Structure formats: C-alpha cells, structure tokens
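J.: dropping a prediction and its sequence here:
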Amino acid sequence: MLNQSPQASVTIADIEVRIVDIPLLRPHKLAMATISCQTNVVVRIKDQDGREGWGEAAAIPHYGVETVETISCVIGKILVPDLIGKSFSGGRNICQFMDKVLHGHPYAKSAVELAYLDLLSRARAQSIAEYLGGPERDRLPSLWVLGNGIAEKDIAEAEHLLHNRLFQCFLLKIGASHPDADIARVRQVADAIGDRAELRVDVNQKWDEVTALHNAPKLFDAGISVIEQPVPRSDVAAMSTLTAQSGGRIMADEPVETMTDALKFIGSRACSAVSLKVGKNGGAVRTAEIAAVFAGARIPIFGGTMLESSLGVAAHSQVFSTFENLDFGQQLFGPKLMAAEFVKNPVRFEEFNLIVPLGPGSGVDIDLDILRDMTRKN
C-alpha cells in the first residue's frame with residue numbers, strides 16, 4: 001500500500017530537462033539496434049524551498065515510439081508549463097494530472113514522476129521504496145545481457161563476470177540472424193557456462209508464431225530457462241499458444257505497458273512471466289500497481305531496463321524491491337556497461353546482486369559538474 005501521508009507536501013517551482021550522452025565500454029548489440037553511446041533524459045525538479053529531486057528516462061532505438069528527443073520535448077514544452085506551481089500528494093496524483101495534459105508518453109511521464117517522488121521522499125525523510133509501502137528485500141538478483149553478438153566474446157565476458165561474482169544469470173539477444181545461427185550461438189555459450197549460470201534469451205519480437213513454435217523447444221533443449229517476447233507485440237494469441245505449447249517459460253515484455261495490457265495477458269494466459277519497466281509502465285506507482293495484479297495471478301516478474309544510469313537504476317531498484325513476486329530478478333546492469341557516471345555514489349553490485357540504495361529519496365546524489373559535461377549542447 002502506498003504511503004500517502006499528508007506531511008511535507010511540496011510545490012513545484014522549477015523543472016529542468018536535459019539530454020545526456022553516456023559512453024559505453026563496448027557496443028551493445030540488440031535485435032533492433034547496436035548501441036555505442038547511451039542517451040538518456042535527466043529531469044530536475046525544485047520546490048519552493050530550493051530542494052531538488054531527480055529522475056531519468058532512457059530510450060533504446062526502435063524499441064518503442066518514444067525517443068530521447070520526444071521525451072525531452074514533451075516534458076519541456078508540454079508538461080512543464082502546466083506543472084509549475086502545482087503540488088501533489090504523491091506519484092498517482094501527478095501521473096493523473098499529466099494524463100489530463102497529454103495522452104500516452106509513459107517514458108516522459110515516468111521521468112517527471114520519479115523526480116517528484118525523489119523530491120517528495122527526501123522532504124519526508126524516507127526512501128521511494130518506503131513511499132511505495134516498504135521494500136521486501138535490500139538486494140536484487142542481477143542479470144547481465146551478453147550483447148556482443150559473437151559467442152567467443154560473450155563467453156569471455158560471462159567468465160569475467162562470474163569470476164568477479166557480479167552476475168550469474170545471463171541473457172542472450174537473438175533474432176537479428178537466422179534462427180539456426182542464433183541457436184548455434186546459444187548452444188556454444190550454454191556449453192561453455194551453462195552448468196555455472198542461468199541462461200535466457202530475448203528475441204525482441206523478431207519471430208512469427210510458426211518460427212517460435214519450431215525453435216522454442218530447441219532453445220529449451222540447449223538449456224535456456226526463459227524465452228522473452230519471441231513474437232510481435234500485437235500477436236497476443238501467438239503468445240498464448242507459445243505459453244501453452246512451447247514446453248518452457250515464455251516471458252512477455254513490450255506488449256505489457258498498461259493495466260489494461262496486464263489484464264489482457266493474464267486473462268489470455270499469454271505469458272508465464274513478465275518483464276516490467278518503470279519507464280514502459282508509466283512510472284513507479286503504476287509499475288507497482290501492475291506488479292500487484294501479476295502477483296495476484298501468481299505470474300512472476302522480471303525487472304527490466306532501458307539502460308538507465310545509476311540515477312535511474314537507484315530509483316527503479318527501489319521500485320522492484322517492493323515486489324513480492326520478483327522471482328526472476330532484474331537486469332538493471334546499465335551502470336556496469338557505462339564508461340562514466342554522473343552520480344557521486346553509484347549503485348553497487350556484489351555477490352551476484354544489486355544492492356538497493358534505500359534512500360533518502362532515490363538514494364543517490366548528482367555530481368553537477370560531471371552532469372554538465374555529459375549534457376548534450378544542442
């Protein structure tokens with residue numbers, strides 16, 4: 001249950017939005033794009049007393065309809081004029097207000113909501129997790145995406161992460177190549193590390209139902225524990241068929257954005273696990289509400305990412321820490337892939353877990369000098 005204490009309400013005095021370019025340690029290959037530099041939107045909200053709250057939205061090319069440019073424009077040009085001077089009792093209220101201003105655009109709204117919750121929680125001397133009802137855990141099992149696209153490089157990377165006890169669960173991105181080539185790469189990685197780690201795959205909607213039904217058993221036979229979103233987001237019927245007939249766990253991702261989507265997938269039995277993302281699901285409060293519905297249906301949750309920095313990861317990990325059914329862990333690995341940080345106290349990974357920074361607010365603080373250097377100038 002959300003902590004809706006009336007104390008320490010804050011009024012929005014100023015909102016600043018910027019686009020930040022963050023270099024990566026290596027190119028990150030997905031089915032829909034290869035990313036060499038991650039670009040995120042950072043929001044700062046100030047109240048009438050000069051206190052600050054920070055939020056972040058990340059976007060991956062071709063994943064959804066929002067880009068960092070549209071997110072920045074929606075916040076700065078459309079939402080900000082209506083938000084200045086307003087005060088809200090919590091995340092649900094500010095989200096409902098933004099919905100009246102503009103339909104859709106969950107990533108833009110989530111960045112604003114997280115910044116406001118950071119500010120509000122700090123004013124109340126609590127964490128975002130405490131605002132959401134309290135954490136179930138203070139560390140979250142972590143997954144790393146092996147995004148090299150080359151088996152030998154993926155194996156070497158996994159070995160390094162296992163040796164340093166950072167990650168023991170790995171996700172291979174497939175779907176960009178012919179299924180036979182993808183499955184051969186999966187088998188090669190599984191043969192090398194499968195007895196010491198859990199392996200999953202994400203097809204990122206690249207297969208049709210026939211291709212998925214034909215190849216899913218091969219992936220499960222290779223030792224894969226979960227197949228994430230193998231078919232296009234619009235094909236809920238195919239997801240239902242795969243969940244019933246594939247012989248293993250089928251995880252939904254892109255199609256589950258709203259509460260309506262969640263109820264559709266539950267009613268259609270269209271997944272046996274679901275990936276939730278704070279940006280995709282429209283903010284901390286709405287993500288928590290959707291998670292509660294899946295918990296009631298006994299469908300386990302995985303905490304997804306759009307490659308947030310430590311700023312977004314801190315807040316998102318707090319949200320995920322409140323889920324009773326986070327049985328599949330999370331993949332908030334962005335800070336470990338990034339070559340630079342703009343927070344003073346980056347999130348920590350140890351013993352295969354992400355340590356949740358439990359407050360105040362999101363639990364991290366911004367280094368303004370570094371952030372200015374990383375801010376896009378035009």
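T.: Cool, got the structure.
J.: only the buried residues of stretch 254-273, if you could.
T.: The neighbour-count check on stretch 254-273 (16 or more other CB atoms under 10 Å) flags 254-258, 261-262, 265-266, 270-273 as buried. Any C-beta I mention is one placed from the backbone N, CA and C, and that applies to glycine too.
J.: swap in stretch 365-378?
T.: Using 16+ other CB under 10 Å as the test for burial, stretch 365-378 gives 366, 371, 374.
J.: redo these as JSON lines? Include distance to residue 101 and pLDDT.
T.: Below are the buried residues of stretch 365-378 laid out as JSON lines (distance: CB to CB, whole Å; pLDDT from 0 to 100):
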{"residue": "366", "distance to residue 101": "26", "pLDDT": "98"}
{"residue": "371", "distance to residue 101": "27", "pLDDT": "98"}
{"residue": "374", "distance to residue 101": "29", "pLDDT": "97"}
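J.: what about the residues you listed, which are in helices?
T.: Secondary structure from DSSP state H places 371, 374 of the buried residues of stretch 365-378 in helices.
J.: from the buried residues of stretch 365-378, which is closest to residue 187?
T.: For residue 187, the closest of the buried residues of stretch 365-378 turns out to be residue 374, at 39.8 Å, with distances computed as CB to CB.
J.: that closest one and residue 340, how far apart?
T.: Taken as CB to CB, to the nearest Å, the spacing of residue 374 relative to residue 340 amounts to 7 Å.
J.: which other helices and strands contact the biggest strand by length in the chain?
T.: In the chain, assigned by DSSP state E, the strand with the most residues is strand 10-29. With contacts defined as 3 or more CB pairs under 8 Å, 6 or more residues apart in numbering; DSSP states H and E, the secondary structure elements packing on strand 10-29 are strand 34-47, helix 68-73, helix 80-83, strand 87-88, helix 106-123, helix 334-337, helix 368-374.
J.: could you pull up the residues touching residue 53?
T.: Neighbouring residues of residue 53 by CB atoms under 8 Å, 6 or more residues apart in numbering: 44-45, 47, 115-120, 122, 361.
J.: which element is the residue most central in space within the chain on?
T.: With distances taken as CA atoms, centre = their mean, the chain has residue 305 as the residue nearest its mean C-alpha position (2.5 Å). In this assignment (DSSP states H and E), residue 305 forms part of neither any helix nor any strand.
J.: and it, what's its pLDDT?
T.: With respect to pLDDT, residue 305 has a value of 96.
J.: so it touches residue 332, yeah?
T.: Yes: counting by CB atoms under 8 Å, residue 332 is a contact partner of residue 305 at 5.1 Å.
J.: now for those two: what residues contact both?
T.: The contact sets of residue 305 and residue 332 overlap at 313, 316 (CB under 8 Å, 6+ apart).
J.: for residue 147, which residues are in contact?
T.: Counting by CB under 8 Å, 6+ apart, the residues that residue 147 touches are 26-30, 173.
J.: return the most buried member of the helices and strands packed on strand 10-29.
T.: For those, average neighbour numbers computed from mean count of other CB atoms under 10 Å are highest in helix 106-123, which has a mean of 28.
J.: so which elements touch the helix or strand just after it?
T.: Of the helices and strands lying after helix 106-123 in sequence (DSSP H and E), the nearest is helix 128-131. Contacts defined by 3+ CB pairs under 8 Å, 6+ apart place helix 128-131 against helix 106-123, helix 310-321.
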